[in-house]
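>>> how would this look folded up:
(one chain, ligands or ions: 1)
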Amino acid sequence: MSQIPYDAYVQAADYLRTRLPGATPTIGIVCGSGLSSLADTLEGDVVVVQYDDIPGFMQSTAISHKGQLAFGTLSGKPVVCMQGRFHCYEGYSVQQATFPVRVLRLLGVAALVVTNAAGGINPGYEVGDVALIADHLSLPGIAGANALIGPNIDEFGPRFPSISDVYTPRLRKIAAKVYLTHTALREERKFRLHEGVYAWCYGPCYESRAELRALQALGGDLVGMSTVPEAVVAKHCGMEVLAMSLVTNKCVARREPSMIEAAAAELAGQSLVEVAEEFANSDEVLAAAAARTLDMQEFVRCIVKDI
Ligand SMILES: O=P(O)(O)O[C@@H]1C[C@H](O)[C@@H](CO)O1
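Got it, this is the predicted structure:
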């Protein structure tokens, strides 16, 4: 894996400092698919910087990911929103995909709020629910797709970091308290809040049914194509991390209908009951994200106030 040198991160952070007239951000918010309008709620002197202009940044190619950083204040705190993240399925290495996280760290970001659109594997999760990520399953990570592979950059963190508490309990508790005390979000049942395990897959294919059953058996509640590399790198460089998924589709993990049984039934002249199945698709994902976007804005705004 080609290594990104420390100087490249420093160069990007130095460039961004020249674009910022005021305070540098202490909180970073990564906007997931369909959730980039979180940045529309920024206040104060908002500064928008295109990824194209930042030395070393990649291009955002994912649908609905704008490809810009928006700096401003949210609930009175200096924040930066990443309107567009980099996914490995776009062809980026895990180091390239996580480049912005380390740049934000160099700018002074101490807490990273990461959002994503995810499929619900847990049968109790419905479209429109939100889940705080309590832990993750990183099959690509344990198989070698880990941004920390290669010479360790000691300026960021230790060679062998523990990531057992990567999703900072303090921040999860803050988010839970916001939800439990926010009348409009909870009592009006705008969305249900869960806490679950996010299974990271490389994508871009949505998972097969057998893969979904495997992830379910391994303890996954959600499945998505992002977040884990960012969280690992953020934890390595000493950031607190809060990650949450918006459930945009329910995953169909039921076993495939047997074509041997279907063929035998047809040969015996029996009529078959067709089972209609719904499979994940990106239109459905973006529509579900759009439907929940204002609630997510409000939720994140209140959490940031209490961080
Ligand atoms: O950036 P996120 O994780 O929100 O995006 C998810 C994963 C894929 O980019 C896309 C698949 O529908 O949504």
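>>> which parts of the stretch 51-200 of the chain are strands?
For the stretch 51-200 of the chain, the strands defined by DSSP state E, counting those that start in this stretch occupy 68-74, 77-83, 111-120, 130-138, 193-200.
>>> please work out which of those is packed deepest.
strand 111-120 (a mean of 26; mean count of other Cβ atoms under 10 Å). Quick note: C-beta positions are derived from backbone N, CA and C, even for glycine.
>>> does that one come close to the ligand?
Yes: counting by Cβ under 6 Å from any ligand atom, the ligand has neighbours in strand 111-120: 116, 117.
>>> repeat for stretch 62-77
Yes: counting by Cβ under 6 Å from any ligand atom, contacts between stretch 62-77 and the ligand involve residue 62.
>>> got it, and stretch 245-257?
No: Stretch 245-257 is not in contact with the ligand by Cβ under 6 Å from any ligand atom; minimum separation 7.0 Å.
>>> first vs last residue of that stretch, how far apart are they?
Start and end residues of stretch 245-257 are separated by 30 Å (Cα to Cα, to the nearest Å).
>>> thinking again about what came up before, would you turn the strands of the stretch 51-200 of the chain into CSV with mean pLDDT and distance to residue 258?
Shown next, in CSV, are these (pLDDT from 0 to 100; distance: least, Cβ to Cβ, whole Å):
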stretch, mean pLDDT, distance to residue 258
strand 68-74, 96, 50
strand 77-83, 96, 46
strand 111-120, 97, 25
strand 130-138, 98, 29
strand 193-200, 98, 27
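>>> how about low-confidence regions in this protein?
1-2, 186-189, 271-277 (pLDDT under 70).
>>> just the helices in it please.
Counting by DSSP state H, the chain has helices at residues 6-19, 94-97, 99-107, 139-142, 169-181, 183-186, 209-217, 228-236, 259-267, 282-306.
>>> of those, give the one that comes closest to residue 127.
Residue 127 lies closest, by Cβ to Cβ, to one member of the helices of the chain: helix 282-306, at 5.2 Å.
>>> in that closest one, which residues are buried?
Neighbour-count burial for helix 282-306 flags 282, 284-286, 288-289, 292-293, 295-304 (criterion: 16 or more other Cβ atoms under 10 Å).
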